[in-house]
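Participant: sequence plus the predicted model coming up.
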Amino acid sequence: MSEIIDILKGLDWSPLFISLKTGVVATVISFFLGIFAARKVIKRSPGTKSVLDGILTLPMVLPPTVAGFFLLLLFSKRRPLGMFLYNTFDIKVVQSWLGCVIAATVIAFPLMYRNARAAFEQVDINLVYAARTLGIPDSQIFWKVVLPTASPGVISGTILTFARALGEYGATSMLAGNIPGKTATISQRIAMVIQDGDYKTAGIWVIIVMLIAFVIIFLMNLISSRHMKHVERW
Amino acid sequence: MDINIKIKKKLNNFDLDIDLESSDKRIGILGASGCGKSMTLKAIAGIIAPDSGLINIGGKEFFNSDKKLNIAPQKRRIGYLFQNYALFPTMTVVQNIASGLHGSKEEKAKRVSEMITRFHLEGLETQLPRSLSGGQQQRVAIARLMAYEPEMILLDEPFSAMDSYLKDQLQQQLSDMLSDFDGTVILVSHNRDEIYRFCSELLIMDHGKILSHGGTKELFHDPDQKNTAVLTGCKNFSDIRIIDEHTCELLDWGTTLHLKKSIPEGTTCIGYRAHYFDPVWLSEGETPPENSIKAELSDTANLPFEINYYFRPQGKVQPGNPEKISWFVRKGGAAGVIKEKGLPDYLKLDEEHILFLK
């Protein structure tokens, strides 16, 4: 017991904050991008829709290391885009916290997009028609009618996105690396301490991750039960 | 309010082609499911755009493909009552009613409270639509569209998803609520009772086209086409071969009609409503009366207030499978006599009730 307290006292807490910070920023970006993409894709014809849908979902289906490989190809300082960003704006993506955010966003975005799309597709089109005949401007219909009606799906999508971004490992380790205090997230720290044979520290991080996961599941259930009050259970 | 609509639109399985001029204030559109009725309403409201044509309502031009004119639904002032009412599920009754209103907060609140009183929604102000009964939802939907002060109201099958008891109540409620509405109302339905009850003018639609257009009572009493007769509820039809002005052979029913009236030119078919047959019992050696069908019972359906007999016509009938003749007998009326004397030998047609169709 005293050993665990000693480890806790000496623990470097930076991975927790790096993970949370990365998760929040990636979720905020995915939230708006996902809703935007979902709105655009829904309005397309079935053919275009399935192509776009495939491209937008790909990062979720590919192994994260493959996504990481593509991100490296794109952002490496020896490549045109990476070179351009570094020379013009002094922005470094590889081996930086920005890399963590980009990797987490790319991997988690499809969850937001797919959940938002499914939620919007469930909204009765007659609600939109009714809003139009009642004189509600087209620009307001989405925010006043569609989004609130789709909110349960959108909210659970957001939580799943956050969870995925928080736990991202493969693409992050390739793009951002594992620099302590800078890009070392919880997942990367666990992998590292296990390699060093330090199972006790790994265990503590595992407990922290499990607590976070539990809170996320609890929140999701809370939200869905609030929206399901009127539904008979079986 | 004058209505002038000429529109064409290509749909998946047929083309919508509507040509309608009317100045009636209560218009009904009757047609089977999927005949383009709702599409026509949506085009009038501006929710969908026709491929070509024009829509003029009350002297205002809403759509004109030649001028590339298509006024947004927001600017048409047309109230649309959807089949499921399309109340916004996340908004309370008050928010639903206020959703389309413009102006200051006080003006909106005043208008909403007027509507709450007028449509008897007191006490439900903060409820969400899902906790309301069907009748309350309908009142909220009407209050919401009336708050917007429409110049015209479109009713899109407002009762089709209801059980018959509720339907009757809500039809009365809707008819009350619309009685002091001064503008034009168009009701779309596949239910002839609804149409008969609400509308003074009737359009019959089939496969995207208007088959008949006229006064509701006239069209029900004297439809000129077979499809129209079917939609107004006529059950029995027989193809005919005209022999002379007063005589024709009923090809599906194996008999010949001798009429006092002259048969209108171009008649290819007659219709006869299931309520109007006269039963005939023959004693030994008696000859069957004129204009009657010898029929053999094939099926019976026992309904709450009537019995529906299905007969298979006998004698020389067209090859193929001629349709059965349907005869409705009111319980407490002729049904008692049938119980006593057995089924009639012949069904007699009354000349007054024969529909001459094309």
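Facilitator: Noted; the coordinates are in hand. Numbering: from 1, shown residues only, chains lettered A, B, ... in the order given.

Participant: around chain B, which positions in chain A sit nearby?
Facilitator: Selection of chain A residues close to chain B by C-beta under 8 Å from any C-beta of the partner chain yields A:124, A:126-127, A:129-138, A:144-145, A:148-149, A:151, A:230. Using the backbone N, CA and C atoms, a C-beta is placed for each residue, glycine as well.

Participant: contacts for stretch A:209-229, please.
Facilitator: For stretch A:209-229, contacts defined as C-beta atoms under 8 Å, 6 or more residues apart in numbering or on different chains pick out A:151-152, A:155-156, A:159-160, A:162-163, A:166-167, A:186-187, A:190.

Participant: at 6 Å instead, please
Facilitator: Applying C-beta atoms under 6 Å, 6 or more residues apart in numbering or on different chains, the contact partners of stretch A:209-229 are A:152, A:155-156, A:159, A:163, A:186.

Participant: relative to chain B, which of those residues is nearest.
Facilitator: Distance ranking of the contacts of stretch A:209-229 against chain B, using C-beta to the nearest C-beta, places A:Pro152 first at 10.2 Å.

Participant: for chain B, which strand is longest?
Facilitator: Assignment by DSSP state E gives strand B:292-302 as the longest strand of chain B.

Participant: neighbours of whichever residue of chain B sits closest to chain A, how many?
Facilitator: Scanning chain B for the residue nearest chain A gives B:Gly100, at 3.1 Å (criterion: C-beta to the nearest C-beta). Residues near B:Gly100, counting by other C-beta atoms under 10 Å in any protein chain shown, number 21.

Participant: what of B:Gly123?
Facilitator: Neighbour count for B:Gly123, taken as other C-beta under 10 Å: 9.

Participant: quick one: the strands in the stretch 1-150 of chain B?
Facilitator: B:3-10, B:15-22, B:26-31, B:52-57, B:60-64, B:69-70, B:78-81 (DSSP state E, counting those that start in this stretch).

Participant: so who does B:Asn96 touch?
Facilitator: Counting by C-beta under 6 Å, 6+ apart, B:Asn96 touches B:87-88, B:140, B:144.

Participant: look up phi and psi at the closest residue in space to B:Glu149 that isn't next to it in sequence.
Facilitator: Nearest residue to B:Glu149, sequence neighbours excluded (C-beta to C-beta, 6 or more residues apart in numbering or on different chains): B:Arg77, at 7.0 Å. In terms of degrees, to the nearest 10, the main-chain angles of B:Arg77 are phi 60, psi 50.

Participant: neighbours of B:Arg77, how many?
Facilitator: Using other C-beta under 10 Å, B:Arg77 has 17 neighbouring residues.

Participant: just the pLDDT for it.
Facilitator: As predicted, B:Arg77 sits at a pLDDT of 91.

Participant: that older thread, tell me which two of the contacts of B:Asn96 sit farthest apart.
Facilitator: The distance between the two most remote of those (C-beta to C-beta) is 10.1 Å, for B:Phe88 and B:Val140.

Participant: so between those two, which is more surrounded?
Facilitator: Taking other C-beta under 10 Å, B:Phe88 and B:Val140 do not tie; B:Val140 has more neighbours (25 against 22).

Participant: the more buried one reaches B:Val93, doesn't it?
Facilitator: Yes. B:Val140 sits in contact with B:Val93 when judged by C-beta atoms under 6 Å, with a separation of 5.4 Å.

Participant: tell me where the chain has helices.
Facilitator: Using chain A here. With DSSP state H as the criterion, chain A has helices at A:2-10, A:14-42, A:46-61, A:64-75, A:80-89, A:97-121, A:125-133, A:138-141, A:147-149, A:151-167, A:170-175, A:186-195, A:199-227.

Participant: chain B, not that one
Facilitator: Assigned by DSSP H, the helices in chain B fall at B:37-45, B:93-98, B:105-118, B:134-147, B:164-179, B:192-198, B:216-221, B:226-231, B:334-341.

Participant: buried set for the longest one?
Facilitator: What it means is helix B:164-179. Applying a neighbour-count criterion of 16 or more other C-beta atoms under 10 Å in any protein chain shown, one finds B:167, B:170-171, B:173-174, B:177-178 buried in helix B:164-179.

Participant: quick one: average pLDDT of it?
Facilitator: The average pLDDT for helix B:164-179 rounds to 81.

Participant: any idea how far it is from the chain center?
Facilitator: Centroid displacement of helix B:164-179 relative to its chain, using C-alpha atoms, centre = their mean, to the nearest Å, is 16 Å.

Participant: relative to strand B:26-31, how tilted is it?
Facilitator: Here the directions of helix B:164-179 and strand B:26-31 differ by 140 degrees (axes from the mean of the first three to the mean of the last three C-alpha atoms, to 10 degrees).

Participant: now do the same contact list for B:Asp17.
Facilitator: Each residue near B:Asp17 by C-beta under 6 Å, 6+ apart is listed here: B:8, B:208-209.

Participant: hmm, back to that, with distance to B:Pro223 added, can I get the strands of the stretch 1-150 of chain B in TSV?
Facilitator: Formatted as TSV, the strands of the stretch 1-150 of chain B follow (distance: least, C-beta to C-beta, whole Å):
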stretch	distance to B:Pro223
strand B:3-10	23
strand B:15-22	18
strand B:26-31	11
strand B:52-57	27
strand B:60-64	31
strand B:69-70	36
strand B:78-81	28
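
Participant: local confidence estimate at whichever residue of chain A sits closest to chain B?
Facilitator: Closest to chain B within chain A is A:Leu134: 3.1 Å, counting by C-beta to the nearest C-beta. For A:Leu134, the pLDDT comes out at 92.

Participant: so it versus B:Lys341, what's the distance?
Facilitator: Distance check for A:Leu134 against B:Lys341: by C-beta to C-beta, to the nearest Å, it reads 62 Å.

Participant: same thing with A:Thr183?
Facilitator: 99 Å.

Participant: which one of those two has more residues nearby?
Facilitator: More crowded of A:Thr183 and B:Lys341, by other C-beta under 10 Å: A:Thr183, with 24 against 10.

Participant: I'd guessed the more buried one sits against A:Met174; true?
Facilitator: No. Taking contacts as C-beta under 6 Å, A:Thr183 lies outside contact range of A:Met174: 11.2 Å.

Participant: pull the number of nearby residues for the residue lying closest to B:Phe356 once chain neighbours are set aside.
Facilitator: Leaving aside its sequence neighbours, B:Phe356 sits nearest to B:Thr267 (C-beta to C-beta, 6+ apart; 4.4 Å). Residues near B:Thr267, counting by other C-beta under 10 Å, number 16.

Participant: doesn't B:Leu355 make contact with B:Thr267?
Facilitator: No. Using C-beta under 6 Å, B:Thr267 is not in contact with B:Leu355, being 9.6 Å away.

Participant: tell me, what's touching these two both at once?
Facilitator: Between them, B:Thr267 and B:Leu355 share no contacting residue, judged by C-beta under 6 Å, 6+ apart.

Participant: in JSON lines: the buried residues of helix B:164-179, plus distance to chain A.
Facilitator: What follows is the buried residues of helix B:164-179, written out as JSON lines (distance: C-beta to the nearest C-beta, whole Å):
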{"residue": "B:Lys167", "distance to chain A": "20"}
{"residue": "B:Leu170", "distance to chain A": "18"}
{"residue": "B:Gln171", "distance to chain A": "21"}
{"residue": "B:Gln173", "distance to chain A": "20"}
{"residue": "B:Leu174", "distance to chain A": "17"}
{"residue": "B:Met177", "distance to chain A": "17"}
{"residue": "B:Leu178", "distance to chain A": "17"}
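
Participant: where does pLDDT dip in the stretch 101-250 of chain B?
Facilitator: B:161 (pLDDT under 70).
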